[in-house]
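J.: Just to be clear, the model below is a prediction. Sequence and coordinates:
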Amino acid sequence: MTPTLPIQTTEFKIEGIPVKVHGIRTGTVQVKKSHRDPSQGMLQIMVDFHWADPMPIYCWLIEHPEGNILIDTGENVQVKENWYFDCDPTVGFANQKILKFELEREMEIGRQLYRIGIDTDDIDWIILTHLHIDHTDGLMYFPRSEVIVSQAEWDRPYGSMKCLLPPGMRPNKIIYEKDPVFLGQYPLTSDGRIRIVATPGHTYGHQSVILEADEHTVFFAGDVSFDQEQLLTDRVGGIHVDKKLSKDTYERVRILAQARPMIYLPSHDWKSGERLVGREAVVV
Ligand SMILES: [Zn+2]
């Protein structure tokens, strides 16, 4: 049995008030080597026999005085069963061909929160960066939380399996206000120091979360890129609904990173947790 990877925790301050952030890994996902190549499309990726190395599936917990915020919910152990994909023969079939998961029940988000003393009912907000299964499959732990997804992602999902969402789930489908850098923003906390921003490209309605701490900007990227390297080398992965839009999003992220020290945390980058704990800002 694979051991659960340790939770990575650090504390930032907002106006001097401590805000803890935890990086929690819910197993790993493998994609095909071609999936990381900008020139490849879905068909080439489906028939590629070569798997890339496993990547983590991160979720992020922010303990803020106004409430506990969970960014994405990771995977659950059922994803390893073939029947799991049956409810959507098209997208399910593609997902089965292009993704390979490894996790144990103890790695599911609800179990890991329990171990650090947080009841799943005490999660006030769940922000979904997008609706891909490795970001939504832990939702069953949180029937009482407010789930936030962009209106665009909900209306025009790409590569998602809505049939796997908890039955009757009624997310808060947000509409953005103007943002100086991104295509839109939605302030989550009353001071706006935690806000959701539109970061389309991977999917039409992909969004990221920004925490403006006193000394750093923390950027919870979701799947804007697989890892920081791709942002710095301006390479977009194989499965993005709009690669031009992804590059436009990359540019906006880099503009933000030039404004003040920014810690960039993609969901599938092994180094994300170390960068969080070490407060390592991206150099663009
Ligand atoms: Zn994704």
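T.: Yes, it's here.

J.: mind checking pLDDT for Asp137?
T.: At Asp137, the model reports a pLDDT of 98.

J.: model confidence over stretch 270-284, on average?
T.: This predicted structure assigns stretch 270-284 an average pLDDT of 97.

J.: Tell me the buried residues in it?
T.: Neighbour counts over stretch 270-284 (16 or more other CB atoms under 10 Å) mark 271-273, 275-276, 281-282, 284 as buried. Every C-beta, even on glycine, is put in place using the N, C-alpha and C of the backbone.

J.: The ion contacts on the stretch 51-200 of the chain?
T.: Within the stretch 51-200 of the chain, the residues that sit near the ion (CB under 5 Å from the ion) are His132.

J.: returning to what we had before: dump the buried residues of stretch 270-284 into JSON lines; add secondary structure and distance to Pro143 as well.
T.: Converted to JSON lines, the buried residues of stretch 270-284 look like this (DSSP: H, G, I helix; E, B strand; the rest coil; distance: CB to CB, whole Å):
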{"residue": "Lys271", "secondary structure": "coil", "distance to Pro143": "34"}
{"residue": "Ser272", "secondary structure": "helix", "distance to Pro143": "28"}
{"residue": "Gly273", "secondary structure": "helix", "distance to Pro143": "28"}
{"residue": "Arg275", "secondary structure": "helix", "distance to Pro143": "33"}
{"residue": "Leu276", "secondary structure": "helix", "distance to Pro143": "28"}
{"residue": "Ala281", "secondary structure": "coil", "distance to Pro143": "38"}
{"residue": "Val282", "secondary structure": "coil", "distance to Pro143": "36"}
{"residue": "Val284", "secondary structure": "coil", "distance to Pro143": "40"}
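
J.: hey, what's the residue most central in space within the chain bridged with?
T.: Nearest to the mean C-alpha position of the chain, counting by CA atoms, centre = their mean, stands Gly222 at 2.9 Å. For Gly222, the beta-bridge assignment (DSSP bridges) gives partners Pro266.

J.: distance of it from Phe142?
T.: Using CB to CB, to the nearest Å, Gly222 is found at 18 Å from Phe142.

J.: Name the nearest residue to whichever residue of the stretch 151-284 of the chain sits closest to the ion, sequence neighbours excluded.
T.: Across the stretch 151-284 of the chain, the shortest distance to the ion (CB to the ion) belongs to Asp223, at 3.8 Å. Nearest non-adjacent residue to Asp223, counting by CB to CB, 6 or more residues apart in numbering: His202, 4.4 Å away.

J.: swap in Glu146?
T.: Among residues not flanking Glu146 along the chain, Trp125 sits closest, at 5.3 Å (CB to CB, 6+ apart).

J.: quick one, what contacts the one you found?
T.: When contacts are counted by CB atoms under 8 Å, 6 or more residues apart in numbering, Trp125 is found next to 67-70, 145-146, 148, 188.
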